[in-house]
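J.: Just the structure for this:
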Amino acid sequence: MNKIMTNRAFLFLAFLLVGVFVGPLVMAAAPPSLNSPDLATGPYSSMHMLLEKTVLQVDVLTVDVRFGKKAHPRLVELAKDKAYSEDLGNQVAKVAIGTDDALVQLKFVRDVSLDQWIDGVRDNLEQAREAGLITAAVEQRVSQGLPNWFGAIKERGYLTGDRVLYRVRPDGLRTVVVAADGKVLVDRTDSDKDAPRVVMASYFAPKSDFRELLVKSLFKK
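T.: Purely as a prediction, here's the structure:
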């Protein structure tokens, strides 16, 4: 009995010392979720599309966008009981680009190399810059940073079922890459004030591959 008590006392002391010298144990934050209660719900709060290579007609990935509660009323006002038009689409895209509370999720439906994906991101950045939505300096900084930020998956690339999540908030951007089995491969937080706009502008710039399909999906509720 005394031996058992001694062992328990030792374990308690060891745990206490860990708390004193290392600090409290902190669990890694869960990846962002499309089902987050922080985001708006109901009609006109989300967008969805499937991206395919136009020449080969090969499905590449799906894109889901969920908006925050501040932008949602304006989206309802623009889209409720209305048919899509170019003018309304432009207004919706403007709201999307200007929001600082949203979640963008990419889910791959086929394998894609990291280099292929980075090339696509750089194309979107160029379109956003040409539209005057981001500066040339911001475009260059993000473009040059991509290989390093996603270096953990350089050899692996993206596999079917992998997801990229961008949690856009007023104070910055959290980017998480989650494998199909749930393993977190990349988890990066960027407090740069330009980061939220870079993401939203990349998807909703006038010549983006995503803009029209995403915006039109809002009117299909």
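J.: can you pull the contacts of Leu146?
T.: Contact analysis of Leu146 by CB atoms under 8 Å, 6 or more residues apart in numbering lists 118, 121-122. Quick note: C-beta positions are derived from backbone N, CA and C, even for glycine.
J.: Now, these that are in strands?
T.: Taking DSSP state E, every one of those sits outside strands.
J.: ok, and for the host helix or strand of Thr189, which residues are buried?
T.: Using DSSP states H and E, Thr189 sits in strand 184-190. For strand 184-190, burial by neighbour count (16 or more other CB atoms under 10 Å) applies to 185, 190.
J.: for that strand, packing partners?
T.: On a contact count with 3 or more CB pairs under 8 Å, 6 or more residues apart in numbering; DSSP states H and E, strand 184-190 meets strand 172-178.
J.: mean confidence for the strand it packs on?
T.: On average, the pLDDT along strand 172-178 is 96.
J.: Contacts for it next, please.
T.: With CB under 8 Å, 6+ apart as the test, strand 172-178 has contacts from 31-32, 149-150, 152-153, 158, 162-167, 184-193, 195-196, 198-199.
J.: chain center to it: distance?
T.: Taking CA atoms, centre = their mean, to the nearest Å, the mean C-alpha location of strand 172-178 is offset from the chain mean by 6 Å.
J.: Mind listing the strands it pairs with, and their directions?
T.: Strand 172-178 has the following strand partners under DSSP bridges: strand 163-169 (antiparallel), strand 184-190 (antiparallel).
J.: hey, C-alpha coordinates of that strand in PDB?
T.: Output of strand 172-178 as PDB, limited to C-alpha atoms (Å, rounded to 0.1, in the frame of the first residue of the first chain):
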ATOM      1  CA  GLY A 172      -5.600  37.500 -40.500                       C
ATOM      2  CA  LEU A 173      -5.700  34.200 -42.200                       C
ATOM      3  CA  ARG A 174      -5.300  30.600 -41.200                       C
ATOM      4  CA  THR A 175      -4.400  28.100 -43.900                       C
ATOM      5  CA  VAL A 176      -4.700  24.300 -43.200                       C
ATOM      6  CA  VAL A 177      -4.000  21.400 -45.400                       C
ATOM      7  CA  VAL A 178      -5.800  18.200 -44.300                       C
END
